[in-house]
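Novice: the amino acid sequence is not available; the structure is as follows:
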């Protein structure tokens, strides 16, 4: 299975562009992918309605996102798809697949590229909510927004880890998501750099 995370110039799938793709092969965690590109001329930088401005979140300037010395989005996607074809189980795992997968599918259609992975993806948020329910007999709800809420920062906390990200990086997010997935599903560590964060007792599975 492939943990994937993209960094984009906004949250509008059709108006914004992908400038970074990170991925990890969970069956072989040393097999990782990280590439950057320039966004297309017509791509916009659109700030979300809530939260920090896009450029502040990703730590980039507009000039850096439009740097023509970098490869194109199409070239980046071709490299990603070639990498993904070599992964044994090619379903994706994302924190909110509706975001990452939608961007990838729309850009692939734009460039006439065949997508190599299956359309069924696993959502880390849903997996975390189900584990939370199993332990607490209730879902974690944001009562002010009247919705289920387990963003990556809260999932990291639930999994006994810390969110020390100053800016977003696709590969770093993939590794954090992969570590959380492993702890939630198997009750075990995955990446050595996160061994310093003990697994909470409620997630441990000593039988695996």
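Specialist: Great, that's in hand. Quick caveat, the model's predicted, so the values are computed rather than measured.
Novice: longest helix of this structure?
Specialist: Determined from DSSP state H, the single longest helix within the chain is helix 170-186.
Novice: who's in contact with it?
Specialist: Here helix 170-186 makes contact (Cβ atoms under 8 Å, 6 or more residues apart in numbering) with 3-7, 20-24, 26, 29, 32-34, 93-95, 124, 127-128, 131, 152, 155-156, 159-161, 163, 165, 188-191, 193-194, 199, 203, 205, 208. Every C-beta, even on glycine, is put in place using the N, C-alpha and C of the backbone.
Novice: run the chain-centre distance for it.
Specialist: Centroid separation for helix 170-186 versus its chain: 9 Å, with Cα atoms, centre = their mean, to the nearest Å.
Novice: identify each buried residue in that helix, please.
Specialist: Of all the residues in helix 170-186, those buried under the rule 16 or more other Cβ atoms under 10 Å are 170-171, 173-184.
Novice: need those residues in a markdown table (columns: distance to residue 113 and pLDDT).
Specialist: Formatted as a markdown table, the buried residues of helix 170-186 follow (distance: Cβ to Cβ, whole Å; pLDDT from 0 to 100):
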| residue | distance to residue 113 | pLDDT |
| --- | --- | --- |
| 170 | 19 | 95 |
| 171 | 22 | 96 |
| 173 | 23 | 95 |
| 174 | 21 | 96 |
| 175 | 26 | 96 |
| 176 | 28 | 96 |
| 177 | 24 | 96 |
| 178 | 25 | 96 |
| 179 | 30 | 96 |
| 180 | 30 | 96 |
| 181 | 27 | 96 |
| 182 | 30 | 96 |
| 183 | 34 | 96 |
| 184 | 32 | 96 |
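Novice: residue 81: which of those is nearest?
Specialist: Ranked by distance to residue 81 (Cβ to Cβ), those are led by residue 170 at 15.7 Å.
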